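Give me a model of this one.
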Amino acid sequence: MKRRDFIALLGATAAWPLPARAQQKAMPVIGFLSPASQFGLGPFTAAFRRGLSEAGYVEGENLAIEYRWAENNYERLPSLAADLVGRKVDLIGTTDVASSLAAKNATSTIPIVFWGVSDPIGLGLVASLARPSGNVTGFSNIVSQLTPKRLELLSELVPQAKVIALLVNPNVPTTHSEPLIADLQEAARTKGVQLAILKAGTESEIDAAFATLVELHAGGLVVAGDPFFNSRREQLVAQAARHAVPVIYWLRVFAAAGGLISYGINSIALWRQGGIYAGRILKGAKPADLPVQQPTTFELVVNLKTAKELGLTVPPSILARADEVIE
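Predicted coordinates for the structure are as follows:
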């Protein structure tokens, strides 16, 4: 074989894989948007990835995920959402009200899946639950609707309490917090207790809120559902123990971490379902054709060890309804 023929053959061989690679479909990319920090949310993000794997997508193998954490600075969410849109991700997953609104304001074409929104219709994220329309769908956690029930449970647990406080994050959109506060004020009037509103959007403000509880002689505290509070659950549980305040939370993980009582949905399962929906959309399903789903089961968890440390006797009526009792 002549030298020039060999070189020509070698060049053709080297060039052959290029068209084949060009025909391969690029790995899909999901944008993940949250106002919280990564700290403390490992079990939840793992559930999201588990849902994706059930739909056939494994991060690092046939899927990439671009994580964007606002580190509890809610003002960063619009720019983080815009960054994901600029990177032309195939889908955006959002964990709460603020991140969902930021994503929706950033794009009307990239599919968005949420799994931490209480009232998606009222917030304008979807037209209806059955027929979302547009590019947004997901799972409602109905956290706000369950908050009055938490106050009722806490009143049942500490019937002597005349003042009960609500802890909210002032950084969340008022369209979410104001209806929650109004509903809880009505529930407090029904129970004949005074409701105090406390706000905390930083670690130091959480400590200050518990100091205020003591000054108010509050008999209990309801913690509003919020990603920031979830990421600071160990701090909240520790402060509740330090100040001997009965506190009710919205997630089981708080009771498992030493919190007194929790009532709400299985949020781990919700994140997993968010991953499944995301996978279905990556395979071709349209958000408008996937109805927004609501939870149908709720879990009441009581930590008897914590109750004993607080000197509380949990009423048999609560124990009989509990889905789990931690001793």
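
With just CA atoms, put the host helix or strand of L77 into CSV.
Per DSSP states H and E, L77 falls inside helix 77-86. Extracted in CSV, the C-alpha atoms of helix 77-86 (Å, rounded to 0.1, in the frame of the first residue of the first chain):
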residue,chain,number,x,y,z
LEU,A,77,-34.4,33.1,42.8
PRO,A,78,-35.3,35.1,39.7
SER,A,79,-31.7,35.3,38.5
LEU,A,80,-31.1,31.6,39.3
ALA,A,81,-34.2,30.7,37.3
ALA,A,82,-33.1,32.9,34.4
ASP,A,83,-29.7,31.2,34.5
LEU,A,84,-31.3,27.8,34.1
VAL,A,85,-33.5,29.1,31.2
GLY,A,86,-30.3,30.6,29.6
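
mean confidence for it?
For helix 77-86, mean pLDDT is 98.

can you map out the strands along the protein?
With strands called from DSSP state E, the chain shows them at 29-34, 64-69, 91-94, 112-117, 136-140, 163-168, 194-199, 220-223, 247-249, 261-264, 299-303, 324-326.

partners of the third one, with directions?
Listed by DSSP bridges, the sheet partners of strand 91-94 and their directions read strand 29-34 (parallel), strand 112-117 (parallel).

Adding distance to A81, mean pLDDT and mean neighbour count as columns, could you present those in CSV?
Where you see a C-beta, it was placed from the backbone N, CA and C, and this is true even at glycine. Converted to CSV, those look like this (distance: least, CB to CB, whole Å; pLDDT from 0 to 100; neighbours: other CB atoms under 10 Å):
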stretch, distance to A81, mean pLDDT, mean neighbour count
strand 29-34, 6, 98, 24
strand 112-117, 10, 93, 28
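
and of those strands, who's closest to L180?
L180 lies closest, by CB to CB, to one member of the strands paired with strand 91-94: strand 112-117, at 12.7 Å.

Could you list the buried residues of stretch 230-245?
230-233, 236-241, 245 (16 or more other CB atoms under 10 Å).

swap in stretch 144-163?
144, 146-148, 150-155, 157-158, 161.

what's the average pLDDT for it?
93.
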